[in-house]
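**Q** Quick one, fold the following:
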Amino acid sequence: MALTVLCITFTLFLMLGIPVAFSIALSCLATYWTEGFPLELAYQNMISGMNVFSFLAIPFFIFSGELMLHGGVADKIVTFARNLVGHWRGGLGMANVVACTIFGGVSGSPVADVSAMGGVMIPIMKKEGYSADYAVNVTTHAALAGALMPTSHNLIIYAFAASSSSGMLGGHNIMIKGASIGELMFAGLLPVIVLMICMLYAAYWVAKKNGFPRNPDGSRSTKLDPFAGWHAVLTSFVAAIPGMFVVIIILGCIIAGVTTATEAAGIAVTYTLFLTFVGYRTMNWAKLMKAAAKASKTTGVILLLIGVSTMFQYIMAILEVPDKTADLMLTATTNPYIMFFLINLILFLLGTFMDMAATILICTPLFLPLAIQMGMGPVQFGMVMLLNCALGLNTPPVGTTQFVGCAIGGISIEQVMKTILPFYGALFAVMAVVTYFPWFSLWIPTMLKGAPVY
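**A** Numbering: from 1, shown residues only. Just a heads-up that it's a prediction; the model follows:
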């Protein structure tokens, strides 16, 4: 009865257009009332869910990304990327991929990445003879790398969501519980590099096929930008290094054991403030207030989601929903490869109409125990989860990064979707490798830890 009330009310509230956080909260309250639980328990669950020290990293990472966005760091990165690959066929598209990947590393947010890089690169690409749909697709897909970067607050959210999941790792006879934030940060590095390479190839292939850049009359341009020279590449790289150094600070502090991930995030904010105010001198009081306001708003939304998701997880634990979900899916197949495909498919479909944080918080307790049972550890599953959720950011009807990109490019989503397949293909290729080859995401954290990481 309680599970029926939970599912029906949650679906009904979503269909009525109520925001996900409030839909979760209202459906949980309805279920608490149906089961006779004291409503004070809901409040206690919310507070305990948000009152976690490691969550301080979330506002720090978000604020650091907003400071980078409003502090002019993007311009330095764009100049370096354009000098490096801008002279090839589709060079602006490839420069866009490199710039989005680098800025995703310092912002940790695909949406911020699209806002910063898209605002600079999409108008330039349209002016230089690239179609609007190509410019938007390159930007929005390359920006998804930010979800896997060490500065991504979604890593912290996943670590929290995975903390309650445990089980015997299939095929290894090892008891697994939760995922380390530090291990997750390093696990995303290799997938991001390969994702960038796949996006570079997709950008080049589409540009070559369609003859980008084109002349004003629509004919294929035979004149490409000249190579700026290695001196210009080196000079622009040196200018961009301070902005990229925030990632090194975070990872270096964690490797050396000097700080926790939360403390490293605080150091990153301090460094970013110093860089934008003193180093680049591109920050002013108005921009600082705008960055702080945006970071506060985003943090509030995420913490609300975490609080109501704690209520949701409590009900799922009481009703044994993860166990029932596993039993249901195991009746369909016991083959790990097919099971992982089904999990990927479900996560992708849910990600198309749910926010990234909400998908992580709701689906991790459901599918992680099953994944552990089938032989996929929490760190590897975290990469699978984040990739699926990132893909959802670029898929209607709730494709946030796609909406931002289309607004900047002045083009409809329908037009963008017509030419999206090559970029989807690059993402799906990386997702398949992350899903079926554990070493791909686990090699770096295993090497640094000196012991197997799952």
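
**Q** only C-alpha atoms for contact and neighbour calcs from this point on.
**A** Fine.

**Q** Quickly list the domain ranges of the chain.
**A** Per automatic domain parsing, the domain ranges recorded for the chain read 1-37, 53-449.

**Q** got a list of what the residue nearest to S109 when sequence neighbours are not counted touches?
**A** Spatial nearest neighbour of S109, chain neighbours left out: G146 (5.1 Å); criterion: CA to CA, 6 or more residues apart in numbering. Applying CA atoms under 8 Å, 6 or more residues apart in numbering, we find G146 in contact with T101, F103, G104, G105, S107, G108, S109, P110, D113, S152.

**Q** related to what we said a few turns ago, can you tell me which of the domains of the chain comes nearest to N45?
**A** domain 53-449 (5.5 Å; CA to CA).

**Q** Show only the entries of the contacts of G146 found in helices.
**A** T101, F103, G104, G105, S107, P110, D113 (DSSP state H).

**Q** distance of the residue nearest to S109 from A112?
**A** 9 Å (CA to CA, to the nearest Å).

**Q** And for V278?
**A** Distance from V278 to A112, by CA to CA: 23 Å.

**Q** neighbour-wise, which of those two wins?
**A** A112 (24 against 11; other CA atoms under 10 Å).

**Q** Tell me the secondary structure at T395.
**A** coil (DSSP: H, G, I helix; E, B strand; the rest coil).

**Q** got the contact list for it?
**A** Counting by CA under 8 Å, 6+ apart, T395 has contacts T352, Q402.

**Q** And F312, by the same measure?
**A** I24, A25, C28, I362.

**Q** re the thing from before, let me know which of the domains of the chain is the nearest to Y43.
**A** domain 53-449 (8.4 Å).

**Q** Quick one: mean pLDDT for that closest one?
**A** Domain 53-449 carries an average pLDDT of 87.

**Q** May I have the distance across that domain, first residue to last?
**A** 24 Å.

**Q** next one: it to chain centre, how far?
**A** Domain 53-449 has its C-alpha centroid displaced from the chain centroid by 3 Å (CA atoms, centre = their mean, to the nearest Å).

**Q** Spatially central residue in this structure, please.
**A** In the chain, the residue lying closest to the centroid (CA atoms, centre = their mean) is A147, at 2.0 Å.

**Q** Confirm that that one sits in a helix.
**A** Yes. The assignment for A147 (three-state DSSP) places it in a helix.

**Q** Which SSE is immediately downstream of the helix or strand where T4 lies?
**A** T4 belongs to helix 2-15 when assigned by DSSP states H and E. Heading C-terminal from helix 2-15, the first helix or strand you meet, by DSSP H and E, is helix 20-35.

**Q** what pLDDT, on average, does that following helix get?
**A** Rounded mean pLDDT across helix 20-35 is 87.

**Q** next one: that helix to chain centre, how far?
**A** 27 Å.

**Q** Show me what it is packed up against.
**A** Packing partners of helix 20-35 (3 or more CA pairs under 8 Å, 6 or more residues apart in numbering; DSSP states H and E): helix 2-15, helix 285-318.

**Q** any idea of the angle the helix or strand just after it forms with helix 20-35?
**A** Toward the C-terminal end, the helix or strand that comes next after helix 20-35 (DSSP H and E) is helix 40-50. Relative orientation of helix 40-50 and helix 20-35, computed by axes from the mean of the first three to the mean of the last three CA atoms, to 10 degrees: 140 degrees.

**Q** Name the residues of the helix or strand just after helix 40-50 that come out as buried.
**A** Of the helices and strands lying after helix 40-50 in sequence (DSSP H and E), the nearest is helix 57-70. Residues of helix 57-70 classed as buried by neighbour count (16 or more other CA atoms under 10 Å): 57-70.

**Q** Now the element after helix 57-70, going C-ward?
**A** helix 73-85.

**Q** Show me what that next one is in contact with.
**A** Residues contacting helix 73-85 (CA under 8 Å, 6+ apart): 68, 91-92, 94-96, 98-99, 102-103, 116-117, 120-121, 227-229, 232-233, 236-237, 239-240, 243, 276.

**Q** Just the buried residues of the residues you listed.
**A** Buried among the contacts of helix 73-85 by 16+ other CA under 10 Å: 68, 91-92, 94-96, 98-99, 102-103, 116-117, 120-121, 233, 236-237, 239-240, 243, 276.

**Q** Could you list which of those residues belong to helices?
**A** Using DSSP H, the buried ones among the contacts of helix 73-85 in helices are 68, 91-92, 94-96, 98-99, 102-103, 120-121, 233, 236-237, 239-240, 243.

**Q** Highest mean neighbour count out of the helices and strands packed on helix 20-35?
**A** Mean neighbours per residue, mean count of other CA atoms under 10 Å, is largest over the helices and strands packed on helix 20-35 for helix 285-318, with a mean of 18.

**Q** elements contacting the helix or strand that that helix is followed by?
**A** Of the helices and strands lying after helix 285-318 in sequence (DSSP H and E), the nearest is helix 321-332. Judged by 3+ CA pairs under 8 Å, 6+ apart, the packing partners of helix 321-332 are helix 356-373.

**Q** quick check: angle from the helix it packs on to helix 321-332?
**A** 60 degrees.

**Q** CA atoms of helix 356-373 as CSV?
**A** Output in CSV follows, covering the C-alpha atoms of helix 356-373 (Å, rounded to 0.1, in the frame of the first residue of the first chain):
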residue,chain,number,x,y,z
MET,A,356,20.9,15.5,-12.6
ALA,A,357,21.0,15.8,-8.8
ALA,A,358,17.6,14.3,-8.4
THR,A,359,18.4,11.4,-10.7
ILE,A,360,21.5,10.6,-8.7
LEU,A,361,19.8,10.8,-5.3
ILE,A,362,16.8,8.7,-6.3
CYS,A,363,18.4,6.1,-8.5
THR,A,364,21.7,5.4,-6.8
PRO,A,365,20.1,3.6,-3.8
LEU,A,366,17.9,1.7,-6.2
PHE,A,367,20.5,0.4,-8.7
LEU,A,368,23.9,0.5,-6.9
PRO,A,369,23.1,-2.6,-4.7
LEU,A,370,22.1,-4.5,-7.8
ALA,A,371,25.3,-3.3,-9.6
ILE,A,372,27.5,-4.4,-6.7
GLN,A,373,25.7,-7.8,-6.7
